[in-house]
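Asker: pasted the sequence and its predicted model underneath.
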Amino acid sequence: MLQREVPEAREILRNLVAGRIVFKPRPEARVYEFSGRGSFGHLLAGAVQFRW
């Protein structure tokens, strides 16, 4: 989805990421580490009816 629906994906990420994402290169492992803060907010909001 991130590649197919770029504007929508950017909006979703803006709502999930709180602040900045920091990237740190690790040349010895040929990778970048990244960290940041996020929020799931209302991502899992909803209602469920249980029947006993």
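Answerer: Received it, and whenever you're ready, just let me know what you need.

Asker: confirm that Ala9 sits in a strand.
Answerer: No - going by DSSP: H, G, I helix; E, B strand; the rest coil, the assignment for Ala9 is helix, not a strand.

Asker: tell me how far it lies from Glu28.
Answerer: Between Ala9 and Glu28 the computed distance is 32 Å (CB to CB, to the nearest Å). Every C-beta, even on glycine, is put in place using the N, C-alpha and C of the backbone.

Asker: between those two, who's got more neighbours?
Answerer: Ala9 (13 against 6; other CB atoms under 10 Å).

Asker: chain center to the least confident helix or strand in the chain by mean pLDDT: distance?
Answerer: Every helix and strand of the chain was ranked by mean pLDDT, DSSP states H and E. The lowest is helix 6-16, at a mean of 86. A distance of 9 Å separates the centroid of the chain from that of helix 6-16, by CA atoms, centre = their mean, to the nearest Å.

Asker: check stretch 26-37 too.
Answerer: Distance of stretch 26-37 from the chain centroid (CA atoms, centre = their mean) equals 17 Å.

Asker: which intervals of the chain have sub-threshold pLDDT?
Answerer: Within the chain, the ranges that satisfy pLDDT under 70 run 1-2, 41-49, 52.

Asker: could you rerun that using 80?
Answerer: Applying pLDDT under 80 to the chain flags the ranges 1-2, 39-52.
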